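1. Whatever this is, show me its structure:
(chains A and B)
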There are 2 protein chains.
Amino acid sequence: MKKLINDPANVVTETLEGFSSAHADLVTVHLDPDYVVRADAPVQGKVGVVSGGGSGHEPLHAGFVGLGMLDAAVPGPVFTSPTPDPILEATKAVDGGAGVLHIVKNYTGDVLNFETAAEMAELEEITVRSVVVNDDVAVEDSTFTAGRRGVGGTVLVEKIAGAAAERGDDLDAVTAVAEKVIGQVRSMGVALTACTVPHAGKPSFDLGEDEIEIGIGIHGEPGRHRIPMAGADEITDRLLDPILADLEVDSGSVLLFVNGMGGTPESELYIVYRHARERLEQAGLTVARSLVGNYITSLEMQGCSITVLVLDDELTELWDAPVNTVALRRGV
Amino acid sequence: MKKLINDPANVVTETLEGFSSAHADLVTVHLDPDYVVRADAPVQGKVGVVSGGGSGHEPLHAGFVGLGMLDAAVPGPVFTSPTPDPILEATKAVDGGAGVLHIVKNYTGDVLNFETAAEMAELEEITVRSVVVNDDVAVEDSTFTAGRRGVGGTVLVEKIAGAAAERGDDLDAVTAVAEKVIGQVRSMGVALTACTVPHAGKPSFDLGEDEIEIGIGIHGEPGRHRIPMAGADEITDRLLDPILADLEVDSGSVLLFVNGMGGTPESELYIVYRHARERLEQAGLTVARSLVGNYITSLEMQGCSITVLVLDDELTELWDAPVNTVALRRGV
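-> Now for the predicted structure:
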């Protein structure tokens, strides 16, 4: 295993220490328990938006803390859910009196621990709502999941719900717009290589020299099928076809998000984007907004995911709203 | 070779096609010859700032085209200099009557082809100045270089010279500030793995399972020495010591830039940043500004580079100035 780390046990703490000193203008990092809040938290009268989950998917979630997106992020150990305790602390730290929305990716541990934290927060008189993101069309149930997994769509839910909270929507309205995004977003990913969890020291799974995994999960969970290495356009088709079949739209505007898994050059993401866009346009859709880059990763895994969100005027306006985070910055 | 590409011969064109449609709000992409200009080029009365070089280092340079940074980028084939022709076309396309600055990384092919393009532009009555970035302290001469190589410092030269041009400085002043950055910036990199050029189909060099290359170039050119895999703090010391020895500063403010080579998780970059920052502070320096992420890459290479720029009030102000590009966006 070759990684730029010291003791594998300290990976998350040392990452957060570096992140904290590099971005003190935007965020405040708390250690033990670990959580990251925007520098001006709590914002009085504003709905707090909190997400979290296992580490190893950076910039998700800490990179999305700031004006117009998350109020707090709760990073667990690598590929492991945070416990209820830091989720509760983060929830309390960002409660500005208007309630808090938890955005949870659909993994059993995350769902359970966010639920427990929400119950504990209610005991402290904080109103909490939760939404569960489950945009991955690859498989129905999976290693760590009952139902579909939450993947790339999470980034879009965080951006759009965060914008709704920032403009002053109340907790019901922020929750409703998050649910709307979840209802209209679908994703699927591919792995060209496996990734290695630091404390495990060896790759999470084996992929042959000439083999790729279609429908991979963000922790290396099995996908739909393994196929021989193919051209980018063919791989793109194999990701997009199930998304389009599931969305059942044939007109209107969409946001196309091509996400790198962490170890893939940006140039390759644009090659995938190019064909995905052509395909969407052939299907009668207008690609009105785009996002291309590493936003929800699996350590150093090579591969990508494609996410399509069906837009309407409200979602487009919230997508375009100002955002000021480490990983996404616009209009400020 | 596993890559998300179609025909290796079309990698640059298909990347640019994807980039063009994803970012039409910011840039205009010309194909054959290939160059990228900001959407509102030429800006009348403003100095044009142009850079370029081999592809495979994305987001450099096309990701830095836009308000407050580059007016044009000229991408060559992967790891290969662009010819004079597209450099000339880009220079003409961004000439707003105040002259054009060429920012050139110190590689023999780049220097030669930008020189030829500048001479051709002068024949068309465009005043061109050139600066050559040579911030890599690892080696004096190298495979493609007489003198030091241009690496991470290039990003900072482009940002700061771009800001000077944007605020209305004339060609002499923009050139002078670019030269000042070049005089005060130093870098060094490490490779944990090699990268594979698409049309070559095999890794550019061989690194043992337990071996890393200290002082690597951005095209996989040899560095200073190979050592056994070590901890992040020790590797960081081996990059930072030569930088500090060369800069000879022991007080004042610096910008610390930890750059990913393309295949390294963001978390590892923050672990390197953490220790580099501690070391700079121990050396009496204040880390006043920071940049962490993949900004000048070597395809899917795992590794990073560290860049230190000695700041003064002028450079800090220009660093902080608004910028609106695909890869760097702030204050707009």
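2. make it CA atoms for all contacts and neighbour counts henceforth
-> OK.
3. Residue A:21 belongs to a strand, doesn't it?
-> No. Under DSSP: H, G, I helix; E, B strand; the rest coil, residue A:21 falls outside any strand and is assigned helix.
4. can you pull the contacts of it?
-> By C-alpha atoms under 8 Å, 6 or more residues apart in numbering or on different chains, the residues touching residue A:21 are residue B:274.
5. I'd like the distance between it and residue A:15.
-> Distance from residue A:21 to residue A:15, counting by C-alpha to C-alpha, to the nearest Å: 10 Å.
6. Which neighbours do the two have in common?
-> What both residue A:21 and residue A:15 touch, as defined by C-alpha under 8 Å, 6+ apart, is the set residue B:274.
7. wait, what's in contact with residue A:194?
-> With C-alpha under 8 Å, 6+ apart as the criterion, the residues that contact residue A:194 are A:203, A:204, A:205, A:206, A:207, A:220, A:301, A:302.
8. actually residue A:308, not the one I typed
-> A:185, A:186, A:187, A:243, A:254, A:255, A:256, A:257.
9. repeat that for 7 Å
-> A:185, A:186, A:187, A:254, A:255, A:256, A:257 (C-alpha atoms under 7 Å, 6 or more residues apart in numbering or on different chains).
10. Equivalent analysis for residue A:82, please.
-> Residues counted as contacts of residue A:82 (C-alpha under 7 Å, 6+ apart) are A:53, A:54, A:74, A:75, A:76.
11. Can I get these in CSV including pLDDT and neighbour count?
-> As requested, these are exported to CSV (pLDDT from 0 to 100; neighbours: other C-alpha atoms under 10 Å in any protein chain shown):
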residue, pLDDT, neighbour count
A:53, 98, 30
A:54, 98, 21
A:74, 98, 28
A:75, 98, 31
A:76, 98, 22
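12. Out of those, the closest to chain B would be?
-> Looking at those and their distance to chain B, the nearest is residue A:75, at 11.8 Å (C-alpha to the nearest C-alpha).
13. Tell me the residues of the stretch 1-150 of chain A that contact chain B?
-> Taking C-alpha under 7 Å from any C-alpha of the partner chain as the test, the list of the stretch 1-150 of chain A residues beside chain B reads A:2, A:4, A:5, A:6, A:14, A:15, A:17, A:18, A:19, A:22, A:58.
14. one more time with 10 Å, if that's ok
-> A:1-7, A:10-23, A:55-59 (C-alpha under 10 Å from any C-alpha of the partner chain).
15. Counting neighbours, what do you get for the residue in the stretch 1-150 of chain A positioned nearest to chain B?
-> For the stretch 1-150 of chain A and chain B, the shortest gap (C-alpha to the nearest C-alpha) falls at residue A:18, measuring 4.2 Å. Counted with other C-alpha atoms under 10 Å in any protein chain shown, residues neighbouring residue A:18 total 23.
16. pretty sure it is touching residue B:291, no?
-> No. Taking contacts as C-alpha atoms under 10 Å, residue A:18 lies outside contact range of residue B:291: 11.4 Å.
17. and for those two, which residues touch both?
-> residue B:273 (C-alpha atoms under 10 Å, 6 or more residues apart in numbering or on different chains).
18. Mind giving me the PyMOL select for the residues of the stretch 1-150 of chain A next to chain B, buried ones only?
-> One line in PyMOL is enough to select the buried ones among the residues of the stretch 1-150 of chain A next to chain B; burial here means 16 or more other C-alpha atoms under 10 Å in any protein chain shown:
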select buried, chain A and resi 2+3+4+5+6+11+12+13+14+15+16+17+18+19+20+21+22+23+55+56+57+58+59
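19. so of the residues of the stretch 1-150 of chain A next to chain B, which ones are in strands?
-> residue A:55 (DSSP state E).
20. Surely residue A:167 and residue A:173 touch.
-> No. Taking contact to mean C-alpha under 10 Å, the distance of 11.1 Å between residue A:167 and residue A:173 leaves them out of contact.
21. which residues do those two both contact?
-> Counting by C-alpha under 10 Å, 6+ apart, the shared contacts of residue A:167 and residue A:173 are residue A:47.
22. Residue A:126: what secondary structure?
-> Recorded secondary structure, residue A:126: coil (three-state DSSP).
23. Quick check, it in contact with residue A:90.
-> No. With contact defined as C-alpha under 10 Å, residue A:126 does not count as touching residue A:90 (11.9 Å).
24. Between the two, which is the more surrounded one?
-> Higher neighbour count among residue A:126 and residue A:90: residue A:90, with 27 against 19, using other C-alpha under 10 Å.
25. what packs against the strand or helix carrying the more buried one?
-> Taking DSSP states H and E as the criterion, residue A:90 maps to helix A:84-94. Helix A:84-94 sits against strand A:27-30, strand A:35-38, strand A:48-55, strand A:72-78, strand A:100-105, helix A:108-123, with contacts defined as 3 or more C-alpha pairs under 10 Å, 6 or more residues apart in numbering or on different chains; DSSP states H and E.
26. just the helices in the stretch 201-332 of chain A please.
-> In chain order, the stretch 201-332 of chain A shows helices spanning A:232-247, A:266-282, A:313-320, with DSSP state H, counting those that start in this stretch as the criterion.
27. Kindly reformat the ones you listed as JSON lines containing mean pLDDT and mean neighbour count.
-> Written out in JSON lines, the entries for the helices of the stretch 201-332 of chain A read as follows (pLDDT from 0 to 100; neighbours: other C-alpha under 10 Å):
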{"stretch": "helix A:232-247", "mean pLDDT": "97", "mean neighbour count": "18"}
{"stretch": "helix A:266-282", "mean pLDDT": "98", "mean neighbour count": "23"}
{"stretch": "helix A:313-320", "mean pLDDT": "98", "mean neighbour count": "16"}
